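Student: Next comes the sequence, and after it the predicted model I'd like to discuss.
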Amino acid sequence: EVQLLESGGGLVQPGGSLRLSCAASGFTFSSCAMTWVRQAPGKGLEWVSAISATGGTSYYPDSVKGRFTISRDNSRNTLYLQMNSLRADDTAVYFCAKGPGRAVAGKEVDYWGQGTLVTVSS
Amino acid sequence: DIQMTQSPSSLSASVGDRVTITCRASQSISSYLNWYHQRPGKAPKLLIYAASSLQSGVPSRFSGSGSGTDFTLTISSLQPEDFATYYCQQSYSTPYTFGRGTKLEIK
């Protein structure tokens, strides 16, 4: 059974940093692209970042480019999201999700974790 | 960025009804269109990928169609567990944008 367990969320002040983790099990982590998607309270879904299976290629929207960094440790079956220079509008539940194959390009995400809440507030 | 426009934004229907949700892309995305639904307090779940392919384990009452800029998700006979918010997403070019969602409520 595919399991994705996010951790690392919490309350952080504006301008602060946080690192999210996603522990994966039940599938061959090193063979799957991975994605972070966030959802602000009461709002829709926003694609935040994605990384290929090897970690060699990563993608970001302009809203987080230069502030967020996605990475992975295939030896630990763990995905990360380093978030710096956090702003109030980064407040959201952050979901980790897996792709069906090695590449990000052109692909959906087929399993999601339950999410971890990040609150940016003074 | 590619903009995804869903309609309607909300919809009331009854168990057993046939329901259609539409999604329009701001430019052609071929068939790189996915559908998810999300129940309150839960993670999203993949229903349809590549516009018309049914994800494994998803009931056959769900179907998708379209290509280019116009897409539809159809639920042939609504079941109680189908009342949720539905999102389309393009995976044609990054950032892989979502529609704003369609909330499907019980009439």
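Tutor: Happy to help now that I have it. Numbers count the residues shown, from 1 in each chain, chains lettered A, B, ... in the order given.
Student: Who is the nearest residue to A:Gly115 once chain neighbours are set aside paired with across the strands?
Tutor: With C-beta to C-beta, 6 or more residues apart in numbering or on different chains as the criterion, A:Gly115 has its nearest non-adjacent residue at 4.1 Å, and that residue is A:Val93. Bear in mind the C-beta positions are built from the backbone N, C-alpha and C, glycine included. Beta bridges link A:Val93 to A:Gln39, A:Leu117, judged by DSSP bridges.
Student: Identify the residue spatially nearest to B:Gln38, adjacent ones excluded.
Tutor: Using C-beta to C-beta, 6+ apart, the closest residue to B:Gln38 is B:Pro44 (4.4 Å).
Student: burial measure for the nearest residue to B:Tyr32 once chain neighbours are set aside, as a count.
Tutor: Nearest non-adjacent residue to B:Tyr32, counting by C-beta to C-beta, 6+ apart: B:Tyr92, 3.9 Å away. Neighbour count for B:Tyr92, taken as other C-beta atoms under 10 Å in any protein chain shown: 17.
Student: was I right about A:Phe27 contacting A:Pro100?
Tutor: No. Look at A:Phe27 against A:Pro100 with C-beta atoms under 8 Å: they stay out of range, at 9.9 Å.
Student: For these two, list the residues in contact with both.
Tutor: With contacts taken as C-beta atoms under 8 Å, 6 or more residues apart in numbering or on different chains, A:Phe27 and A:Pro100 have no neighbour in common.
Student: who's in contact with the residue nearest to B:Gln38?
Tutor: Each residue near B:Pro44 by C-beta under 8 Å, 6+ apart is listed here: A:Val37, A:Leu45, A:Phe95, A:Trp112, B:Tyr36, B:His37, B:Gln38, B:Tyr87.
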